[in-house]
Structure formats: structure tokens, C-alpha cells
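**Q** can't give you the sequence, but here's the structure:
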């Protein structure tokens, strides 16, 4: 099993797009519980897998070595060693640019806090390689047509959902941040009337919440178009999305990093704002509407008004 042509993108996504990655994704969706556990591990830990013996992988996946061997044969390999070799071969074509970034970070004499900024830089680079302008345009068109756009995020993704909702409100007919006023129960209530005329944008990074998965499945079953913003093709939100935007979130200390997800949200907002002339005009009107409440603009406008009033008074005095 040889790797297919892989775009220059983040390792997780590039690996998932290879022929081996596609086989693992099918196993993740359709396999037994033990096979799903192995497929999930391989999709998330490709680099580490290339250095693991069969006993170590079995321990990591909490299965037996016999199960690992059967898994490899089910994928079309002679044995585990052949499957591990295919993982290494698939990775070779895509890891070089990312490894350069990681090596650069490792060489910097930085504190852990500054090292975190380096990982954010690497995440943004990997995410940028995976984004496609045409995909953002298709999503923007769907958001514009939707009766209601629902935005959902729990836990660490709550603030991301709030940011996206604020960006969307001036340009969509109706925007609902489903978890803003409470937790799962409130979100479920908000989504109770979702239909095929609506769009749900769901944001979930590791650690994924069960509520995000179950409510997204409900929205999809109700006919709504689902846009998933998540970190990997192995994410449970990836298979539920009609459109999936990947944001690289790996971090050496935190459970996940939201830096790239925020950049994806901003890219989507820009795509929507510039998608048609009407939205460009809306953006201009929105800027004018809030200008009076912004400190700098208020000072400028106040000064301008005072100058105009002073000039008018001087004209009146001269006439009298």
C-alpha cells in the first residue's frame, strides 16, 4: 500500500488524505471497538508509531498483540512491521517542513512561555497550508443563505464560538450562539427547531465534549448543514461536518491550542465580509454605526463637531 499524492499540509491532515489514512478512517467509522481504538491512535500518533514495537502499541491502545496483528492484516498488510513501515513511508513526504519548524523552536533559548508562542507559529503555518479559499467561499455562501446560523462551542471552545457569532451577526439573517446562556440543556433547547434551512457551525478541539458530538449529530439528522471547525480528521466532529475546517491544535503543555482555530474563524469572517457587494456595504454601515462608541473615533468626531460649531458661530458674529 503506497502513499497517494499528498498536498503540502499539516501532518495529521496529509496523513489522513493518504491511501493508508483513508483506510484508517474507514476503520475508525466502521470497525469494532478495538479496531477503532487502534485506528484512532495511529491517526493521532503517526510519528510515535514508527518507533513502537507491537507490544508497546498494544499497551497504548489497551488491546492484545494478536488484535494488532489482525488489524494490520485487515488493512492488507502481511504483519505489524509492514504496516509500521507504511506509516513511516507515508509520513516521509510530509514531515520535512513541519520538522524544520519544530527544530527551529527547539534551538531557541526560550522560556516555556516563549516556546509556546513558537508552537502557535507552527500551528498557524500548518493550518494555513490546509485551508482552501474555495472552501471558505462555499461556506460563506451557505451562511448568507441560511435562515438561522447556529454557533456552538463548549468548554475552551466557548469563547471561540462567541467570537465567531459576533463576526457573523452583521452579515447573516439570524445568528444564535446556542450555549451562550447556559450549558448543554440550553444548547439542546436552542437547537430543538433546527431544520434544513439552517446551518450549524460547531467548534471543538481536544478535549472533545460529548455534548458537542451528540448535538451536532442531532442537527445533521434534522437536515441542517454542519460546518465543523476542529483539529484533525480523527476528530468525531470531522465525520459529522458537511464542511470541515481544520485548525492545528497540538501543544506540548496545554490539552490543545486555540491559536489556529481563532485564525480560521477570522479567515471565515473575512471571506463572508468580502463575499459580495451587499456584505461589503453592510461592513461599512456597521463600522459607521459603532464609530460613536469607540474612544478614538469619538474624540475625532467630537473635535470635528466642535470645530464646525465654532466656525458657524464665527460666521454668525461676522454677519451681525
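**A** On my side now, so go ahead. Note that this is a predicted model, so its numbers are computed, not measured.

**Q** Which residue ranges of the stretch 101-250 of the chain form strands?
**A** Here the stretch 101-250 of the chain has its strands, by DSSP state E, counting those that start in this stretch, at 149-153, 175-177, 199-203, 225-230, 243-246.

**Q** so which of those strands gets nearest residue 168?
**A** Nearest of the strands of the stretch 101-250 of the chain to residue 168, taken as CB to CB: strand 175-177 at 4.9 Å. Glycine gets a C-beta too; all of them are placed from N, C-alpha and C.

**Q** Now do that closest one, average pLDDT.
**A** Across strand 175-177, pLDDT averages out at 96.

**Q** what's in contact with it?
**A** Under the criterion CB atoms under 8 Å, 6 or more residues apart in numbering, residues 148, 149, 150, 151, 152, 161, 162, 165, 168, 169, 190 lie in contact with strand 175-177.

**Q** what's the answer for stretch 26-46, then?
**A** Here stretch 26-46 makes contact (CB under 8 Å, 6+ apart) with 11-12, 15-16, 21, 24-25, 49, 57, 60-63, 67-68, 71, 74-75, 87, 90-91, 232-234, 239.

**Q** For residue 130, which of the strands of the stretch 101-250 of the chain is the nearest?
**A** Comparing those by CB to CB, strand 243-246 comes nearest, at 5.1 Å.

**Q** Beyond that closest one, next helix or strand please.
**A** Helices and strands here follow DSSP states H and E; after strand 243-246, the next one along the chain is helix 259-273.

**Q** Buried ones in that following helix, by neighbour count?
**A** 259-265, 267-269, 271-273 (16 or more other CB atoms under 10 Å).

**Q** one step back: now, the contacts of stretch 26-46 that are in helices?
**A** 11-12, 15-16, 21, 24-25, 49, 57, 60-61, 67-68, 71, 74, 87, 90-91 (DSSP state H).

**Q** Selecting buried members of those in ChimeraX, what would you type?
**A** Buried members of those, defined by 16+ other CB under 10 Å, are picked up in ChimeraX with:
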select :11,12,15,16,21,24,25,49,57,61,67,68,71,87,90,91
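
**Q** Quick one: distance of stretch 177-193 to the chain centre.
**A** 21 Å (CA atoms, centre = their mean, to the nearest Å).

**Q** And stretch 152-162, by the same measure?
**A** 12 Å.

**Q** Now do it, average pLDDT.
**A** In this model, stretch 152-162 has a mean pLDDT of 92.

**Q** any idea how far the residue nearest the centre of the chain lies from residue 54?
**A** Centroid-nearest residue in the chain: residue 229, 3.2 Å away (criterion: CA atoms, centre = their mean). Per CB to CB, to the nearest Å, residue 229 is found 36 Å from residue 54.

**Q** what do you get for residue 120?
**A** 36 Å.

**Q** just residue 210 next, same as before
**A** 32 Å.

**Q** These two - which one has more neighbours?
**A** Taking other CB atoms under 10 Å, residue 210 and residue 54 do not tie; residue 54 has more neighbours (18 against 10).

**Q** Test for you: state the pLDDT assigned to that one.
**A** 94.

**Q** Which pLDDT value does the model give the closest residue to it other than its chain neighbours?
**A** Leaving out its chain neighbours, the residue that sits closest to residue 54 by CB to CB, 6 or more residues apart in numbering is residue 80, at 4.6 Å. We note a pLDDT of 94 for residue 80 in this prediction.
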